[in-house]
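K.L.:
the amino acid sequence is not available; the structure is as follows:
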Ligand SMILES: NC(=O)NC1=NC(=O)NC1=O
């Protein structure tokens, strides 16, 4: 879509189109609509980032809790959103060996046990090896650090999902 079409959307249409650029967080799109008109996809992304950044720590954690585990139960049962399904496949998470699945599951459980929210990383920018090493490394961080790091990954996921919808060449 050209950015001009984005800028002329009703908030209902805007929410239905952009409601999942942050996984299960249509509130973000509902809020970001007010920042229109957007000069291009970068300024649209900036609005999403600013909304996430101004949330209190509890809100940031809430965004992370709405993310499905990587190669988790939902992924195994085909219950992921279309976006998450494609992203997790692109990282090769649908071709894990049983050993890798078990390892991922154990680490995800440890991570959730420690932080109270899931490990989030931009799967389209990482292959399964990088995801596993990232999970092991970030397990040693503080909750504060991981809430911020997780939201930074959400911003990367958001940008790629926006680029799938908005023509990156279109300018106001
Ligand atoms: N826990 C996660 O990081 N989930 C995901 N990251 C992505 O890029 N797509 C997901 O579903």
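P.N.:
Received it, and whenever you're ready, just let me know what you need. Since we're looking at a predicted model, the values are computed, not measured.
K.L.:
rest of the way, CA atoms for contacts and neighbours
P.N.:
Noted.
K.L.:
what does stretch 91-103 rub up against?
P.N.:
70, 71, 88, 123, 124, 125, 126, 127, 128 (Cα atoms under 8 Å, 6 or more residues apart in numbering).
K.L.:
enumerate the residues of the protein near the ligand.
P.N.:
67-70, 84, 87-88, 119-124, 157 (Cα under 6 Å from any ligand atom).
K.L.:
now the buried members of the contacts of stretch 91-103.
P.N.:
Listed as buried from the contacts of stretch 91-103 are 70, 71, 88, 123, 124, 126, 127, 128; burial here means 16 or more other Cα atoms under 10 Å.
K.L.:
you'd agree the fourth one is up against residue 83?
P.N.:
No. Proximity of residue 123 to residue 83 does not meet the contact threshold set by Cα atoms under 8 Å, at 10.8 Å.
K.L.:
that older thread, and the buried ones among the contacts of stretch 91-103, which of them are in helices?
P.N.:
Secondary structure defined by DSSP state H assigns 88, 128 of those to helices.
K.L.:
reformat the buried ones among the contacts of stretch 91-103 as a markdown table; add pLDDT.
P.N.:
Putting these into a markdown table (pLDDT from 0 to 100) gives the following:
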| residue | pLDDT |
| --- | --- |
| 70 | 97 |
| 71 | 96 |
| 88 | 97 |
| 123 | 98 |
| 124 | 98 |
| 126 | 97 |
| 127 | 95 |
| 128 | 95 |
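K.L.:
closest to the ligand among the buried ones among the contacts of stretch 91-103?
P.N.:
Distance to the ligand across the buried ones among the contacts of stretch 91-103 (Cα to the nearest ligand atom) is lowest for residue 123, with 3.7 Å.
K.L.:
and the closest one, what does it touch?
P.N.:
With contact set as Cα under 8 Å, 6+ apart, residue 123 has these partners: 87, 88, 90, 91, 131, 157.
K.L.:
show me the helices in this protein, by range?
P.N.:
Along the chain, the segments classed as helices by DSSP H run 3-7, 11-18, 26-32, 41-53, 57-65, 73-76, 82-90, 98-115, 128-138, 143-163.
K.L.:
show me what counts as buried in the longest one.
P.N.:
In terms of neighbour count (16+ other Cα under 10 Å), helix 143-163 has its buried residues at 143, 146-162.
K.L.:
no more questions from me, cheers.
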